[in-house]
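Q: Show me how the following folds:
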Amino acid sequence: MTRRATLATLLGGLAVACSPLGLLNKLGPRDPGARRVARDQPYGDDPRQRMDIYAPTGASPAATVPTLVFFYGGGWDSGSREVYGWAAQALAAKGFVVALPDYRLVPEVHFPGFIEDAALATAVAAELARDLGGDPDRLGVIGHSAGAHLALMIALDRRYMAAVDRPGLIKAAAGLAGPYEFLPFDVKASVNAFGRAPDPTLTQPITFARADAPPLWLGHGTADEVVHAEDTRLLCERMDAVGGTCTARFYEGLNHADLVATFSPLFRKKAPVLAEVSDFFHRTLDRPA
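A: Have a look, this model is predicted:
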């Protein structure tokens, strides 16, 4: 099966993969030391333009911590923040204020609508975090699968954050099992989401690799059959070629859902994904002593 053929499973495979992840939200243990501090915060007029925010227990404006915005996956046409509270809480317990937004999906919108939502959500999250113990000047974005595509697009393509009057807001970006180079659009998922784009290259994070981009951290499982690890390798190689900063981490034997499932205490021993991405954000965003 070719890399292009396996991308055809992006919708169906994610629907199957995300169901167990949803069970983690309902039944799995949560990390202590963090909690949801805001719910249903609007960042636009659409019902999907809402976010929840998680913070370390005891976080306060007097002792701010870095801010992260986490984008879940779902093939650009499915997903809900109600399924990923456990993942946001896991990051918050590592010392971050974490915004968890929903965003508009196909078929309500097509490219670039969901990416515009990601940019707007990030800008609003920075302001909301200010009153919840988060530092808006030390902000990173992170996503899984299609959410990684969103995170990397707004981190690399300057136009999106400029359009919400916050150029330079994003100081670091991380992607888990993300699609960063998936031309041509030859499967239903990509055709539906991106097929109307006048210039398909502008839908690809790899197009916007640049020397002055925020530092990137990309993680991928070697057993991922939904989005192959080649995407992570290609984007990091392109960043290296242009003089940018990119760390690629490949986890032996992990599949597509595993990358984010390891954020749960139930599966954390499978691989140190949460610890390593958290360390990256702290190294990049923490203030010097």
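Q: for Arg210, helix, strand, or coil?
A: coil (DSSP: H, G, I helix; E, B strand; the rest coil).
Q: begin at 830 from here
A: Fine by me, first position is 830 from now on; the one you just mentioned is Arg1039.
Q: Give me the mean pLDDT for stretch 944-960.
A: The average of the pLDDT scores along stretch 944-960 is 97.
Q: repeat for stretch 1098-1110
A: Mean predicted confidence for stretch 1098-1110 is 98.
Q: Met990 sits in which helix or strand?
A: helix 987-992 (DSSP states H and E).
Q: Show the subsequent helix or strand relative to that helix.
A: Counting by DSSP H and E, what follows helix 987-992 is strand 999-1005.
Q: Format the CA atom coordinates belonging to that following strand as CSV.
A: C-alpha atoms of strand 999-1005 as CSV (Å, rounded to 0.1, in the frame of the first residue of the first chain):
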residue,chain,number,x,y,z
ILE,A,999,3.1,31.9,18.1
LYS,A,1000,6.5,31.2,19.5
ALA,A,1001,6.7,27.4,19.1
ALA,A,1002,4.6,24.7,17.4
ALA,A,1003,4.3,20.9,17.7
GLY,A,1004,2.6,18.3,15.6
LEU,A,1005,1.6,14.7,16.5
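Q: What is it packed up against?
A: Counting by 3 or more Cβ pairs under 8 Å, 6 or more residues apart in numbering; DSSP states H and E, the packing neighbours recorded for strand 999-1005 are strand 963-973, helix 975-985, strand 1045-1050, helix 1102-1114. For the C-beta atoms, the positions are set from N, CA and C on the backbone; glycine is no exception.
Q: Quick check: which of those is nearest to Asp946?
A: helix 975-985 (8.2 Å; Cβ to Cβ).
Q: okay, the angle between the closest one and strand 963-973?
A: 130 degrees (axes from the mean of the first three to the mean of the last three Cα atoms, to 10 degrees).
Q: From the contact counts, what lies against helix 975-985?
A: Against helix 975-985 (3+ Cβ pairs under 8 Å, 6+ apart) you get strand 894-900, helix 942-959, strand 963-973, helix 987-992, strand 999-1005, strand 1045-1050.
Q: redo that, cut-off 7 Å
A: strand 894-900, helix 942-959, strand 963-973, helix 987-992, strand 999-1005 (3 or more Cβ pairs under 7 Å, 6 or more residues apart in numbering; DSSP states H and E).
Q: So which of these is nearest Ala1026?
A: Closest approach to Ala1026 among those is made by helix 942-959 (10.9 Å; Cβ to Cβ).
Q: Which strands or helices does the closest one pack on?
A: Counting by 3+ Cβ pairs under 7 Å, 6+ apart, helix 942-959 packs on strand 879-885, strand 894-900, strand 926-930, strand 963-973, helix 975-985, helix 987-992.
Q: Now that helix: buried residues?
A: Under the neighbour-count criterion of 16 or more other Cβ atoms under 10 Å, helix 942-959 has 942-955, 957-959 buried.
Q: ok so, going back, relative to the whole chain's centre, how far out is the helix holding Met990?
A: 17 Å (Cα atoms, centre = their mean, to the nearest Å).
Q: What's the mean pLDDT across it?
A: 98.
Q: Export only the CA atoms of that helix, formatted as CSV.
A: Provided in CSV are the C-alpha atoms of helix 987-992 (Å, rounded to 0.1, in the frame of the first residue of the first chain):
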residue,chain,number,x,y,z
ARG,A,987,2.3,34.2,8.2
ARG,A,988,-1.0,35.3,6.6
TYR,A,989,-3.3,33.6,9.1
MET,A,990,-2.0,35.2,12.3
ALA,A,991,-1.5,38.5,10.5
ALA,A,992,-5.2,38.4,9.5
